[in-house]
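**Student:** coords please:
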Amino acid sequence: MSETAFINGRFLPLAQASVSIEDRGFQFGDGVYEVIRTYGGRPFKLEAHLARLQRSSDALDLRQSYAFEQWRDYIDEGLRLASFTEAKIYIQITRGPAPRDHAYPPELEPTIVMTVRELRPLAAAVQTAGVDAMTVDDVRWGRCDIKSINLLPNVLARQQAKQAGVFEAILVKNGEVTEGSVSNVILVENRTLITAPEGTRILSGVTREVVLALARQEGLEVQERYPSKSQLYAASELFLTGTTVEVLPVVRIDGRSIGGGEPGPVTRNLAKRFLEQTG
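**Tutor:** The predicted structure follows:
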């Protein structure tokens, strides 16, 4: 088993991988990315992830070099070479190398990078007990729906959470809850799920979409609107969704207990139903 990299059609050990220092991803954060995980060694919701990668690329006028079938073949080969039981696949597309200038030449050759690393899922005890979170101001740019590699505000928010000894930073803009630094946020009021709507202010996650569909199948009402910070505190349940966190209960936020201070029945059931989808 070994961490594996892929650069512009070529596989090599991750430790040997490199790109130009003039790459616009390094110079300007001019690029997009996706993160995909496996269950049973198979990529989960691959088509949905690659469709979002295409949407992000289109939004930045980044040329996509590979069709879905090519990506699938490259990902399968990367998984075979890495040989991990479960893996995390990271894909990044940048506009490519060019002399540093804010404006870019129209026909640059994109840099396409993929890494395959061992997936280390959250401990079962964390999923069972739930996590703490904190609120921070959402100071990100106006196109959060693009999965851009410009992640500095998210990095600083997550670091703030780490220094505070909590798992996640939940972002609040003008009193409205948008999402987490690395997750989507869903609160429960009785049997109603409330979560920020799709649009430019959030990155709608693949896991989020799966969970909302499951909730509707369970007869739960889903309201896609921005909850307020006070609603966050008053929620009967609160949970995060994401590729690596799956469905993760939040039991305290800003030091305040959510509901009874332990994962609630709606969250536990949706977490169970989600895992059933991955088998």
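**Student:** quick one: contacts of the lowest-mean-pLDDT helix or strand in the chain?
**Tutor:** Least confident helix or strand, the chain: helix 124-129 with a mean of 94, by mean pLDDT, DSSP states H and E. Contacting residues not belonging to helix 124-129 are listed as Glu246, Leu248, Pro249, Val251, Glu262, Pro263, Ala271 [CB atoms under 8 Å, 6 or more residues apart in numbering]. In this view, the C-beta of every residue, glycine as well, is placed from N, C-alpha and C.
**Student:** same check, this time on stretch 176-183
**Tutor:** By CB under 8 Å, 6+ apart, stretch 176-183 touches 133, 135-136, 138, 144, 154-155, 157-158, 161, 168-172, 185, 187, 196, 201-203, 205, 226-229, 231-232, 240-242, 244-245, 248.
**Student:** go with 7 Å
**Tutor:** Residues from elsewhere that reach stretch 176-183 (CB atoms under 7 Å, 6 or more residues apart in numbering): 138, 154, 157-158, 161, 168-171, 185, 196, 201-203, 226-229, 232, 240-242, 245.
**Student:** just stretch 227-239 next, same as before
**Tutor:** 135, 172, 175-177, 186-190, 194, 247-250, 253, 256, 258-259, 264, 266-267.
**Student:** one step back: out of the contacts of helix 124-129, which is nearest to Pro106?
**Tutor:** Glu246 (41.4 Å; CB to CB).
**Student:** which non-adjacent residue is nearest the closest one?
**Tutor:** In space, and not counting its chain neighbours, Glu246 is closest to Phe274: 6.1 Å by CB to CB, 6 or more residues apart in numbering.
**Student:** what pLDDT does that neighbour get?
**Tutor:** Here, the pLDDT recorded for Phe274 equals 98.
**Student:** for Lys229, same thing?
**Tutor:** Lys229 is given a pLDDT of 96.
**Student:** and for Asp61?
**Tutor:** pLDDT, read off for Asp61, is 95.
**Student:** tell me the phi and psi of it?
**Tutor:** Main-chain torsions, Asp61, degrees, to the nearest 10: phi 60, psi 40.
**Student:** do the same with the one 3 residues further on
**Tutor:** When read as degrees, to the nearest 10, the backbone of Gln64 gives phi -90, psi 120.
**Student:** pretty sure it contacts Ser56?
**Tutor:** No. Assessed by CB atoms under 7 Å, Gln64 is found out of contact with Ser56, at 9.8 Å.
**Student:** out of the two, which sits in the more crowded spot?
**Tutor:** Ranked by neighbour count (other CB atoms under 10 Å), Gln64 and Ser56 place Ser56 first, with 23 against 16.
**Student:** bridge partners for the closest residue to the more buried one other than its chain neighbours, pull those for me.
**Tutor:** Leaving aside its chain neighbours, Ser56 sits nearest to Val32 (3.9 Å; criterion: CB to CB, 6+ apart). On the basis of DSSP bridges, Val32 is bridged to Ile93, Ser148.
**Student:** burial check on Val32, number of neighbours?
**Tutor:** Residues lying near Val32 (other CB under 10 Å) number 26.
**Student:** next up, the contacts around it.
**Tutor:** Contacts of Val32 (CB under 7 Å, 6+ apart): Leu53, Ser56, Ser57, Leu60, Leu62, Ile93, Ile146, Lys147, Ser148, Ile149.
**Student:** look up how far Ile21 lies from the residue of the chain most remote from its centre.
**Tutor:** Distance to the chain centre peaks in the chain at Pro99, reaching 31.2 Å (criterion: CA atoms, centre = their mean). Remark: distance between Pro99 and Ile21 (CB to CB, to the nearest Å) = 11 Å.
**Student:** quick revisit: how about the residue nearest to Glu246, secondary structure?
**Tutor:** On the three-state scheme (DSSP: H, G, I helix; E, B strand; the rest coil), Phe274 is labelled helix.
**Student:** shift numbering so it begins at 481
**Tutor:** Understood, numbering begins at 481; the last thing we discussed is Phe754.
**Student:** from Ala605, how far off is it?
**Tutor:** In terms of CB to CB, Phe754 sits 18 Å off from Ala605.
**Student:** what subset of the contacts of helix 604-609 is buried?
**Tutor:** Glu726, Leu728, Pro729, Val731, Pro743, Ala751 (16 or more other CB atoms under 10 Å).
**Student:** what about the fifth one, which helix or strand?
**Tutor:** It stands for Pro743. Counting by DSSP states H and E, no helix or strand carries Pro743.
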